[in-house]
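# Any chance you can model this:
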Amino acid sequence: MSGRRVHQVRRDLLLAAVREAGRGTRADLARRTGMARMTVDNLVAELLTAGLLAEEAAVADGTRAGRPARSIILGPAAGGVVGAIVTTRGVRAASADLTGRILAEHRLSGDDLDTLALLVAECETAVEGPAWSVVLGLGAGRDPALATGLQQRLGRRVIVRTAAELSLLGEVGYGTAAGHTDVCYLRVGSGITCGLLLGGVLHHGAHGAAGRIGHVQMDEIGPLCRCGNRGCLDTIASAPAILAALATPLGETVTAARAVELSRTDKATERILADAGRMIGRVVAGLANTVNPALVVLDGPLIEAGGPIVTAVGESLQRYAQPEVAAGTLIRAGTLGDRAALLGALFAGLRATPAARGGRTLAGVSPTVTTTDLASPGRHAAGLVPGEKPAAVVPPGERERAVRREILVETLRAAGQATRSDLVKRTRLPRAAVAALLDGLVRDGVVEQCAATGPRAGRPSPSFRPVAAGELLVGVAIEGDGVRVIAADGTGGVRWSAFRVLPPSMDGRAVMRAAAAIALEQLDGHGERRGPGTRFGVSVPAPVHPVTGRLSSRSVLTMFAGFSPAEEIAAVLGRPVRVTNNAQLAALAESRRGAARGVRDVLYLSCDQYTGAGLVTGGRAHAGAIGYAGEVGHLNVREVGPLCLCGKRGCLSAFLSPGYFAAVSDGGPPDEDRLLARAASGDRPARRALLDAGRLIGRTVTPLVSVLDPSMVIVGGRFTEPGEFVVDGVREALQRHCDPAAAAVLTVVPAALGRDAEALGAIESLL
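Down below sits the predicted model:
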C-alpha cells in the first residue's frame, strides 16, 4: 500500500468517525479511531483547510476541569448526495448531507429528461460542497435512456437502480430494516416486485433482472399474464388483481385506501386480502427456505401493519418454511410509504461517499467475533437475536492498529519481500510501530523473517515476507455412504483423492469423529506430514450457522442437530476446522473449478432423494442469515402429498424418495442404487422416471431462479450419474415455467466435478 493510500485511508477513517459521532473533540476522535493524537491533529488541520470539517467554539459544560476543547463537526465542503426517482406519477428528487439529513425535496408531475434534470439541479444547489454521488431510480416501464441523458447533462456518472432495489435500501437506511444485512423487500403494487440484500450487498442478478417475484407461476391454468405465462403471482395477488376481486362482492370499484379501511370491519374484504396474502406467503416461505433472509418487508398501498395481508404472509411462512427458518424470519410492514425509493436513492448515494468508505474500512478491520463474544444476556440459543448481526466492541487503539496491520500485510503481499526499513518508507508508518506490528504478525504466523535478497551497506535491516499458504490443505466430505478425502497443496492443486465407506450410525457426533479419524488414516497412508500449515475444511449434510458454526437444534436429520461439528472434528484432528454445508461447498467448487468457472451468479442443484442447492451470488457463496440458504428439498410441491422427514406433507424430497420409484424397481424393494443401475443399463421406464424427477425439481425451483436471476444452473448429484436425464428435465421445466425473458438467457448444464465437488469445495473454502 502506497503512502498516499495510507493517508487516504486515515482521512476516510476520520470523516467516518465525525459522521458517526456528529461532533467530537480531537481527543474524542483519537479515542474513536485509535490513531495517535498527533496524526489526528494533522489530519484535522488538513480537513479544516479543505472545508470538509469545521470547528465549533468551545463551550464550558461543567463536565471537565480546565480549558474547554473545541468540537469538530462536518464542514461546509463535506458535501452530500442527490437522489431521484422516476415513476408513472412523475419525478421526485431530494438531497441529503453526509449524516443523512434531508436538505431539499421536490416533485413534479412530468417524467421527461428536462423535468428530471431540473429537479436534480435544484436539489444539488441545496448541498454545501460537492455532491459526491447522484442516484437515479427507474420505476417499471421507465425509459433507461433517461439515465444516459441525465449523465450527459451533469457531465458525470449517475448510479442507476430499480425502484424495488431503492425501496429496499430506503427501509434499510431510514426505515424498519435498519441494522439488517439479509433482507427481502416485496412491494405489492401494480405488480409485485422484489429487492434482495444478501450479506449486506444489493443483489442485482446476472442480467440485472433479479426480483421477478411477480412472475412466479402459481397456477398453470390461471389468468394470462403479460409475460406470456398463465397464473403468475401478479395475476392473483397484485393490487389491481385484489381490487378487481373486491369489486364483485362489493358491487362497486374500490380504491386501495378504501379496501384497507373495509378490511377492518368487512369479513369478505378481509378474506380476499388474506387469501392474496397466503399466496404471497407461499412464495415468501419458499424464499425463506432457499435464500434465508432474516427479515421480509412488505410494502404497498394495501399493506398495513397487522393487516390481513401481513398476517396471512406470516401464517404461510409458519406453515411452509422449515421450523428454524420460520422462527428466525421476521415479517414487517414497510414504514416509509411512497418515499421509500427516494430515501433509498439517498442511502445508496451515501454508501458511495468517502465517509461511508471509511466506515467500511473500520468494519473490515475489526477483530473477528467469536462464539464467546456472543455469550451475553439477551442472545437466543443460536447466538443472536433474530435478524441481528454481530458487532464487535473494539477497544480504543485497536482500530488504528488493525488498519496498520492491514497496510503492512498488503504492502508485503504486493512486494513479495521487503526489509523493515523499506516497509517504513513505503507505508510512511512510524518505525517503532512497524517493528511492533511485524513482531505481532510473526507471532500470528502471517509473515516470517527471511534472508535479505541482496547486499546492503551498513547494518542490515531484517527482511520479511508473507507466510506461504498452508503446505497441506485437506478437504473432507461426509457423504451418505462414506467419507471422501482430498489433499491439495497450498495453491489448491490436488495431490490425491480417497474414499472410505463409513458404517451407518444415528449418532451425529460419532460420525464427525469417525470422519476425522478416517481423514487422519488417509493422510498417514499417503505419507503426508501434518505441520502448522495443515488446514482442514469439512463438508456436512446439514445447515451450519454462519456465525456460531452450530447445527440447528431443529434439523430435519436429528442425528445432525444441536452441536458444533467443528468442535467434534477438531478434537480428533488437533487443529481448527472450517465446516460448511455440502451443497454450498459443491456450488463453490463448480464456480471455481468446474462447469461454472468464472461465472458470478450460479445456482447449483444436488439432485438425489435429499435434493439441496448451493448459491453463488456476485461471486460470493451465500449461506443465508442462519445457514439455511438452498434448502430446496423442503419446498412444498403438493399440500396433500406424502409425508416428509421434516414432518410436513408434499415436500420435494418426499417425491424423490426410493419408494416413489417402486414401480420401475423390477419388483424388488425400493432402492436408489437399483434405480440408477437400471437407468444406466438403458431401462426406458427408469430413464423416464429420472426425466420426470428433473422436471419436478426444475418446476419447484423456478421461483428461486426468477428471483435470483442466475446466469447458470448446474445440475449435479447422484441422479445425474446414469446420464443427463435429470439435467434435461430441469432444463425443460425452467424453460417452460420461468419468465420468458429470464429463460432466454439461462444456461442449464451438468456438473463437471462429480462426487469430488463437496471435498473440492471444502478446499476452496480454505483458499
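
# going forward, measure contacts and count neighbours with C-alpha atoms only.
OK.

# And residue 419, how close does it get to residue 446?
16 Å (CA to CA, to the nearest Å).

# Residue 178 now?
Taken as CA to CA, the span from residue 178 to residue 446 is 36 Å.

# returning to what we had before: neighbour count for residue 419 and residue 446, which is higher?
It is residue 419, of residue 419 and residue 446, that has more neighbours when counted by other CA atoms under 10 Å, with 20 against 15.

# can you tell me the average pLDDT over the strand or helix carrying residue 411?
Residue 411 is located in helix 398-415, with elements delineated by DSSP states H and E. Average pLDDT, helix 398-415: 74.

# What's the separation between residue 464 and residue 442?
Applying CA to CA to residue 464 and residue 442 gives a distance of 9 Å.

# same deal with residue 343?
Distance, residue 343 to residue 442, using CA to CA: 47 Å.

# The two: which has the busier surroundings?
More crowded of residue 343 and residue 442, by other CA under 10 Å: residue 343, with 32 against 16.

# you'd agree that one is in a helix?
Yes - assigned with DSSP: H, G, I helix; E, B strand; the rest coil, residue 343 falls within a helix.

# Go ahead and confirm it touches residue 175.
No - using CA atoms under 8 Å, residue 343 makes no contact with residue 175, being 9.3 Å away.

# check which helix or strand covers the spatially closest residue to residue 343 that is not a sequence neighbour.
The shortest distance from residue 343 to any non-neighbouring residue, by CA to CA, 6 or more residues apart in numbering, is to residue 170 (4.9 Å). Residue 170 belongs to helix 163-174 when assigned by DSSP H and E.

# quick revisit: what is the following helix or strand past the helix holding residue 411 packed up against?
Moving toward the C-terminus from helix 398-415, the next helix or strand (DSSP H and E) is strand 418-419. Secondary-structure packing of strand 418-419 (3 or more CA pairs under 8 Å, 6 or more residues apart in numbering; DSSP states H and E): strand 463-466.

# Quick one: mean pLDDT over the strand it packs on.
Strand 463-466 comes out at a mean pLDDT of 87.

# Next: stretch 142-161.
88.

# try stretch 238-251
The model assigns stretch 238-251 a mean pLDDT of 91.

# contact partners of stretch 678-694?
If you take CA atoms under 8 Å, 6 or more residues apart in numbering as the criterion, stretch 678-694 is touched by 656, 661, 664-665, 675-676, 719, 721-723, 725-730, 733.

# What is the burial count for the closest residue to residue 623 other than its chain neighbours?
Leaving aside its chain neighbours, residue 623 sits nearest to residue 629 (5.1 Å; criterion: CA to CA, 6+ apart). By the criterion of other CA under 10 Å, residue 629 has 28 neighbours.

# Residue 317 against residue 327, yeah?
No - at 9.3 Å, residue 317 does not count as touching residue 327 under the criterion of CA under 8 Å.

# Who has more neighbours out of these two?
More crowded of residue 317 and residue 327, by other CA under 10 Å: residue 317, with 29 against 13.

# does that one sit in a helix, a strand or a coil?
Look at residue 317: counting by three-state DSSP, its state is helix.

# Let me know whether residue 569 touches residue 516 as I believe.
Yes - between residue 569 and residue 516 there is a contact under CA under 8 Å: 5.6 Å.

# residue contacts, the one residue sitting closest to the centre of the chain?
Note on the chain: the residue nearest the mean C-alpha position is residue 198, at 2.5 Å, using CA atoms, centre = their mean. Neighbour list for residue 198: 181-183, 293, 622, 624 [criterion: CA under 8 Å, 6+ apart].

# Turn these into JSON lines, including neighbour count and pLDDT.
Shown next, in JSON lines, are the contacts of residue 198 (neighbours: other CA atoms under 10 Å; pLDDT from 0 to 100):
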{"residue": "181", "neighbour count": "22", "pLDDT": "92"}
{"residue": "182", "neighbour count": "25", "pLDDT": "94"}
{"residue": "183", "neighbour count": "30", "pLDDT": "96"}
{"residue": "293", "neighbour count": "31", "pLDDT": "95"}
{"residue": "622", "neighbour count": "23", "pLDDT": "93"}
{"residue": "624", "neighbour count": "24", "pLDDT": "93"}
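
# returning to what we had before: give me the common contacts of residue 464 and residue 442.
448-449.

# nearest to residue 131, of the contacts of residue 198?
Using CA to CA, residue 181 comes nearest to residue 131 of the contacts of residue 198, at 26.5 Å.

# Ramachandran coordinates for the closest residue to the closest one other than its chain neighbours?
Nearest non-adjacent residue to residue 181, counting by CA to CA, 6+ apart: residue 200, 4.2 Å away. Residue 200 adopts backbone torsions of phi 80, psi 0, taken as degrees, to the nearest 10.

# And for residue 696?
When quoted as degrees, to the nearest 10, the phi and psi of residue 696 stand at phi -70, psi -40.

# who's in contact with it?
652, 729-730, 733.

# In strands, which of the residues you listed fall?
Judged by DSSP state E, strands contain none of the contacts of residue 696.

# How many residues are close by the residue lying closest to residue 746 once chain neighbours are set aside?
With sequence-adjacent residues excluded and distances taken as CA to CA, 6+ apart, residue 746 is closest to residue 711, at 5.4 Å. For residue 711, the count of nearby residues is 21 (other CA under 10 Å).
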